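In: here's my sequence, what's the structure:
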Amino acid sequence: MNIFNVQPRPRVLFEDLPQEVLTKEFLELVPTFKLISSTERVHEDEYDVLVTFAEDARRRSAHLHVLSFGADMAGGFVEDQTKYFFVRDIPTLANELAIPTDAPPALAALLKTSVIPNMPDGHKRVWRLVKPAQGYQATVAKDGNLASRCIPLVHVGATQSVYALLTERGGKLNLVLPAETQQHLAWLRLFLDMVGNVDSDSVPPDLEWKTSQRWSPPEVSKHLGDLQGLRQAHEEAVTEFQRREQEIQAQLEESTRLADEGTRRILISDGDDLVQAVTTVLEDLGFSVRNMDDHHDERTGAKLEDLRVEDPSDPSWLSLVEVKGYTKGAKVNDVPQITGRPAVAYTKETGQEPPAVWHVVNAWRGTNPSTRVQAIPADDDLRPLTEAGGALIDTRDLYEAWRDVSAGIADADSVRASLREAKTRWRWMPES
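Out: Take a look at the predicted model:
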């Protein structure tokens, strides 16, 4: 049979194409096209692909491969005499996005650059699979892979709501993307390649001959070369950024490990580890610190203070230090310990009362330091320390002072002076 007026394929319908997308490069990508509105009638059998920006991407002929941007309805099909389709009408405020690991790699790569960065914060709508019921659309599925009727391309939130999807029914593709998608030309190129892989009659394999070096005039060849160079530079830059990211991530993991094994123990440890961490921090601040583990009460054999701290800049000053870590809050009953036997033993040993006593506490040590409540908040409970010329010291304050000195923000001499003068409770303020 002789057929006349057959247009070269692929034959594409562009529906409700926005003006900013309507470029010469976009239209010249295909040999045959027609610009239509969503309400316009056309003989759809003479076309192969629909690219639509309309709200309803399912109203055109079922034989068309469909690439849609911003649709609210898409992908109708029939199974067991029941008609199913997708509706985007479930509201969500979720912002966490994920591209499933089984998403086709070419799609995933373009999603990362053209969809993910442009996703709006806050209110958005996601897809569900529905079937007609009496007067309403009954939900068949609303998360995951929508009852295995699609390939999810972007999931939103912990419920894995579907934000973009791909379906294939009867060899016909439906690629459904959100309205904020960019790089429309790249999506059209990719979609035509996908259609060509499943339906070479609709998209012949030689579609790209116009952009081949052999059949391009010099000005097109120049732009092809420029584009190829730019893409290569982009790939090299991405490779370098990935290399640097991995390098810095490894450095971060190592520095985090060292911090957890070093000074940050002052925030997470108890027992000997905490005493050692407090010792390191005080020595870094310029104090001389003596561990008193082997120093016992002569009468009872009980341990006395954990540490004795001196300041080389003030030879007359010394502090007895008790260090305690707690899984929960600091205990009020522990406050007088440092003012009891340790102070009495020191007086007996030296003939004078200790100039100062410190009760250093790491309370709620298993929690985020930023969310911990104040240790022993009532100053009346700290009266034994006040009367002995001493103070309670929270390891969080001690750590922040050490950090600011290490970073050059604060002066170690000023920190030591502040600690020597502390009464009742010591708090670190950077301006102090």
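
In: who's in contact with V289?
Out: Counting by Cβ atoms under 8 Å, 6 or more residues apart in numbering, V289 touches T279, L282, E283, L307, R308, V309, E310. Backbone N, C-alpha and C define where each C-beta goes, glycine included.

In: report the secondary structure element holding it.
Out: strand 288-291 (DSSP states H and E).

In: strand partners of that strand, parallel vs antiparallel please.
Out: Here strand 288-291 has these sheet partners by DSSP bridges: strand 307-311 (antiparallel).

In: model confidence over the host helix or strand of E247, on average?
Out: E247 belongs to helix 218-261 when assigned by DSSP H and E. For helix 218-261, mean pLDDT rounds to 84.

In: now what about the helix or strand just after that helix, what contacts it?
Out: Sequence-wise, the next helix or strand downstream of helix 218-261 (DSSP H and E) is helix 265-268. Helix 265-268 has contacts (Cβ under 8 Å, 6+ apart) with 260, 273-274, 276-278, 281, 362, 365-366, 369, 395-396, 398-399.

In: of these, which one scores lowest on pLDDT?
Out: Summarising pLDDT for the contacts of helix 265-268: the lowest-scoring member is D260, with 69.

In: distance from the chain centre to the strand holding V289, please.
Out: 43 Å (Cα atoms, centre = their mean, to the nearest Å).

In: go on, stretch 415-424?
Out: With Cα atoms, centre = their mean, you get 41 Å for stretch 415-424.

In: in the stretch 1-150 of the chain, where is pLDDT below threshold?
Out: By pLDDT under 70, the weakly predicted segments of the stretch 1-150 of the chain are 1-4.

In: tell me which stretches of it form strands.
Out: Taking DSSP state E, counting those that start in this stretch to define them, one finds strands in the stretch 1-150 of the chain at 11-15, 32-36, 49-52, 65-69, 73-79, 82-92, 97-98, 124-132, 137-141.

In: how much space separates the residue nearest to T23 when sequence neighbours are not counted from L110?
Out: Using Cβ to Cβ, 6 or more residues apart in numbering and skipping residues adjacent in sequence, the residue nearest T23 is L185, 7.5 Å away. As for L185, its distance to L110 is 11 Å (criterion: Cβ to Cβ, to the nearest Å).

In: between those two, who's got more neighbours?
Out: Legend: neighbour count by other Cβ atoms under 10 Å for L185 and L110, higher for L110 (20 against 13).

In: so who does the more buried one touch?
Out: L110 makes contact with Q183, A186, W187, L190, according to Cβ under 8 Å, 6+ apart.

In: hang on, the second one packs against A109?
Out: No. Assessed by Cβ atoms under 8 Å, A186 is found out of contact with A109, at 9.9 Å.

In: next up, phi/psi of the residue nearest the centre of the chain, please.
Out: In the chain, the centroid-proximal residue (Cα atoms, centre = their mean) is E96; its distance is 8.0 Å. Main-chain dihedrals, E96, degrees, to the nearest 10: phi -80, psi 130.

In: ok, it touching G157?
Out: Yes. Applying Cβ under 8 Å, one finds E96 in contact with G157, separated by 5.9 Å.

In: quick revisit: can you select the buried ones from the contacts of V289 in PyMOL?
Out: Selection of buried members from those for PyMOL, criterion 16 or more other Cβ atoms under 10 Å:
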select buried, resi 279+282+307+308+309+310
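
In: now the contacts of V289 in TSV, with pLDDT and distance to L35?
Out: Output for the contacts of V289, formatted as TSV (pLDDT from 0 to 100; distance: Cβ to Cβ, whole Å):
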residue	pLDDT	distance to L35
T279	95	77
L282	96	77
E283	95	77
L307	94	82
R308	94	87
V309	96	82
E310	96	86
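
In: which one of the contacts of V289 is nearest G122?
Out: Nearest to G122, judged by Cβ to Cβ, of those is L282 at 48.1 Å.

In: any idea of the mean pLDDT in stretch 402-418?
Out: Regarding stretch 402-418, the rounded mean pLDDT is 93.

In: end-to-end on that stretch?
Out: This stretch, stretch 402-418, spans 13 Å end to end (Cα to Cα, to the nearest Å).

In: give me the buried positions along it.
Out: By neighbour count with 16+ other Cβ under 10 Å, stretch 402-418 contains the buried residues W402, D404, V405, A410, A412, V415, R416, S418.

In: I'd like the distance between the nearest residue to the second one once chain neighbours are set aside and L285.
Out: On the basis of Cβ to Cβ, 6+ apart, the spatially nearest residue to D404 that is not a chain neighbour turns out to be A410, at 3.9 Å. Look at A410 and L285: by Cβ to Cβ, they are 10 Å apart.

In: between these two, which contacts overlap?
Out: Contacts common to A410 and L285, judged by Cβ under 8 Å, 6+ apart, are A401.

In: before we move on, the earlier item: between the buried residues of stretch 402-418, which is closest to L153?
Out: Minimum distance to L153 across these is 47.3 Å, recorded for D404 (Cβ to Cβ).

In: how about low-confidence regions in the stretch 301-432 of the chain?
Out: Residues of the stretch 301-432 of the chain that meet the criterion pLDDT under 70 lie in 301-302, 431-432.

In: quick one, helices of it?
Out: If DSSP state H, counting those that start in this stretch is used as the criterion, the helices of the stretch 301-432 of the chain fall at 341-350, 383-387, 395-406, 412-420.

In: the longest one vs helix 412-420, what angle?
Out: Angular relation of helix 395-406 and helix 412-420 on a 0 to 180 degree scale: 160 degrees, by axes from the mean of the first three to the mean of the last three Cα atoms, to 10 degrees.

In: which helices and strands does helix 395-406 pack with?
Out: helix 265-268, helix 271-284, strand 356-362, helix 412-420 (3 or more Cβ pairs under 8 Å, 6 or more residues apart in numbering; DSSP states H and E).

In: quick one: these as a markdown table, columns for distance to D45 too.
Out: Shown next, in a markdown table, are the helices and strands packed on helix 395-406 (distance: least, Cβ to Cβ, whole Å):
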| stretch | distance to D45 |
| --- | --- |
| helix 265-268 | 71 |
| helix 271-284 | 78 |
| strand 356-362 | 77 |
| helix 412-420 | 83 |
